[in-house]
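S.K.: sequence plus predicted model, see below.
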Amino acid sequence: MAATALVSTVPVWAEVTLGAVIPLSGSNATPGEDQRRAIEIAVKTVNDAGGVLGEPLEVIIEDSAGKPQTAIDAAKKLVSVNDVALVIGSYSSGITLPMGDYLGQEGVPHLNPAATSGLVRGIGDTSFSMVGLDNVSTEFAATEVTANGWENVAVLAVNNAFGQGVAQEIEKHLTSMGGKVTTTVMFNGGQPSYRRELQQLEATNPDAYVFTAYGTDAALIMQESFELGLQEDAPWYSILITMMNTDTPEDFKKGLTGMDVGYLGDGGEGYKHAYESAHGESFLSAYGGYAHDAVLFAAEAINRAGSTDREAVLTAIRELGDEGFNGATGEIKFDAEGQRVRRPYLKLKVEGNDLVTMD
């Protein structure tokens, strides 16, 4: 079982307790830390405003370590030992899907702050997404790729539920826009080298390389593509670029462009200020804000429910999702399947070690 960390500004006897399962170790530890910081800020915001149901709020955080079974075990502990009212998590779709299935079987409300695979829709009626899914993000990416004049592209994606969804959707959208995918290569994360996969891509002589990868895996892919000269042959475009930027050294990502979910919506400046004041730097990924909003959304739903009874909380979540809730990432409204609608995206490019928005 992964070690736990208590995120709270109040004593441990607080009566309203939520759980979170996020990657604090493994290849996605950087965005996981971003989520942890965001949750901590949200807890403070809620408690400074009087807590939940007149009681202080606490969030017990478990480390998924980027492994499905570890995430499921962590969720089981939160449900059976800690008796949490709701679980937030996780990060990647390959972790979120099985964990969400378990929570659904137990009737425990689940807020998804980051997983974007279209398969998330199939988790069930106890699961709700703070973030938009891949069918929307890949259409945005395909539009950008087409606008850049890249007619023939090679696609590289991690071989899990998230990556498979991205690969299928980007090809569908590019084809509908008159483009062509010269090859799609799926890779398994955690490898010591990705040169074989990169050479498979290069052999198709594409106009551009379109890829999506997590953290340290992406950093190695960018390093080896640089060393093999692939970055001189054609431009690289990253889908959900903040997943990889922080972990990739400057020398290996020059000229890289891409897209990601919007960091902030109207009213998000307070969260941004709190984050930068607490940590002395800007966000580590695009996904912390969604974890932050999951805590605020959960707190409001429990207040509406008038208790931590899970059925009552589920009813309140659905009502709040119908009406709309304003968070740091903008207005959160759900469709009939509990998925967020109208999620904006950003065009981004690398300058030095930083990501900057493009017009």
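M.R.: Ah, there it is.

S.K.: now do the nearest residue to Ser117 once chain neighbours are set aside against Tyr345, distance only.
M.R.: Spatial nearest neighbour of Ser117, chain neighbours left out: Ser93 (3.5 Å); criterion: Cβ to Cβ, 6 or more residues apart in numbering. Every C-beta, even on glycine, is put in place using the N, C-alpha and C of the backbone. Using Cβ to Cβ, to the nearest Å, Ser93 is found at 17 Å from Tyr345.

S.K.: so which of these two has more stuff around it?
M.R.: Ser93 (26 against 19; other Cβ atoms under 10 Å).

S.K.: thinking again about what came up before, need the contact list for the residue nearest to Ser117.
M.R.: Counting by Cβ atoms under 8 Å, 6 or more residues apart in numbering, Ser93 touches 115-117, 119-120, 160-162, 165.

S.K.: for those, work out which two are farthest apart.
M.R.: Maximum pairwise distance in those, criterion Cβ to Cβ, is 12.8 Å, between Val120 and Asn160.

S.K.: quick check: phi and psi at the closest residue to Ala234 other than its chain neighbours.
M.R.: Excluding the flanking residues, the one nearest Ala234 by Cβ to Cβ, 6+ apart is Ala208, at 5.2 Å. Dihedral angles of Ala208 (phi, psi; degrees, to the nearest 10) stand at phi -160, psi 160.

S.K.: hmm, back to that, Val120 and Asn160 - which one has more neighbours?
M.R.: Ranked by neighbour count (other Cβ under 10 Å), Val120 and Asn160 place Val120 first, with 25 against 19.

S.K.: can you give the domain ranges for the protein?
M.R.: 4-132+265-344, 135-261+346-357 (automatic domain parsing).

S.K.: from the chain's centroid, how far away is the longest one?
M.R.: This means domain 4-132+265-344. Domain 4-132+265-344 has its C-alpha centroid displaced from the chain centroid by 11 Å (Cα atoms, centre = their mean, to the nearest Å).

S.K.: with the last one instead?
M.R.: Averaging C-alpha coordinates over domain 135-261+346-357 and over its chain gives two centres that are 17 Å apart (Cα atoms, centre = their mean).

S.K.: can you give me the strands in the stretch 151-300 of the chain?
M.R.: Here the stretch 151-300 of the chain has its strands, by DSSP state E, counting those that start in this stretch, at 152-158, 180-187, 208-212, 236-239, 257-261.

S.K.: next, the buried residues of the last one.
M.R.: This means strand 257-261. Neighbour-count burial for strand 257-261 flags 257-261 (criterion: 16 or more other Cβ atoms under 10 Å).

S.K.: redo the residues you listed as CSV? Include distance to Leu355 and pLDDT.
M.R.: Formatted as CSV, the buried residues of strand 257-261 follow (distance: Cβ to Cβ, whole Å; pLDDT from 0 to 100):
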residue, distance to Leu355, pLDDT
Thr257, 10, 97
Gly258, 8, 97
Met259, 11, 94
Asp260, 8, 89
Val261, 13, 83
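
S.K.: most tightly surrounded among the domains of the chain?
M.R.: domain 4-132+265-344 (a mean of 21; mean count of other Cβ atoms under 10 Å).

S.K.: give me the most central residue, the chain.
M.R.: Nearest to the geometric centre of the chain sits Ala114, at 2.5 Å (Cα atoms, centre = their mean).

S.K.: quick one: that residue from Ala316, how far?
M.R.: 23 Å.

S.K.: got it, and Leu296?
M.R.: Taking Cβ to Cβ, one finds Leu296 at 14 Å from Ala316.

S.K.: helix or strand next in line after the lengthiest helix in the chain, which one?
M.R.: Using DSSP state H, we find that the single longest helix of the chain is helix 29-48. Towards the C-terminus, the helix or strand next in line after helix 29-48, according to DSSP states H and E, is strand 57-63.

S.K.: does anything pack onto that following strand? Which helices or strands?
M.R.: strand 4-7, strand 16-22, helix 29-48, helix 68-80, helix 288-305 (3 or more Cβ pairs under 8 Å, 6 or more residues apart in numbering; DSSP states H and E).

S.K.: can you do 7 Å?
M.R.: strand 4-7, strand 16-22, helix 29-48, helix 68-80 (3 or more Cβ pairs under 7 Å, 6 or more residues apart in numbering; DSSP states H and E).

S.K.: turn those into TSV, including mean pLDDT and distance to Val155.
M.R.: As requested, the helices and strands packed on strand 57-63 are exported to TSV (pLDDT from 0 to 100; distance: least, Cβ to Cβ, whole Å):
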stretch	mean pLDDT	distance to Val155
strand 4-7	48	37
strand 16-22	97	28
helix 29-48	96	22
helix 68-80	97	24
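
S.K.: name the nearest of the contacts of Ser93 relative to Gly132.
M.R.: Distances from Gly132 to the contacts of Ser93, taken by Cβ to Cβ, are shortest for Thr116, at 6.9 Å.

S.K.: got the contact list for Ser129?
M.R.: Contacts for Ser129 were tallied using Cβ atoms under 7 Å, 6 or more residues apart in numbering; they are 112, 120, 338-340.

S.K.: which two of the residues you listed have the greatest separation?
M.R.: Among the contacts of Ser129, the pair separated by the greatest distance (Cβ to Cβ) is Val120 and Arg340, at 10.4 Å.

S.K.: that older thread, overlap in contacts of Leu296 and Ala316?
M.R.: Residues touching both Leu296 and Ala316 (Cβ under 7 Å, 6+ apart): there are none.

S.K.: still on that earlier bit, the residue nearest to Ala234 reaches Gln231, doesn't it?
M.R.: No - in this structure, Ala208 is not within contact of Gln231 by Cβ atoms under 7 Å, at 11.0 Å.
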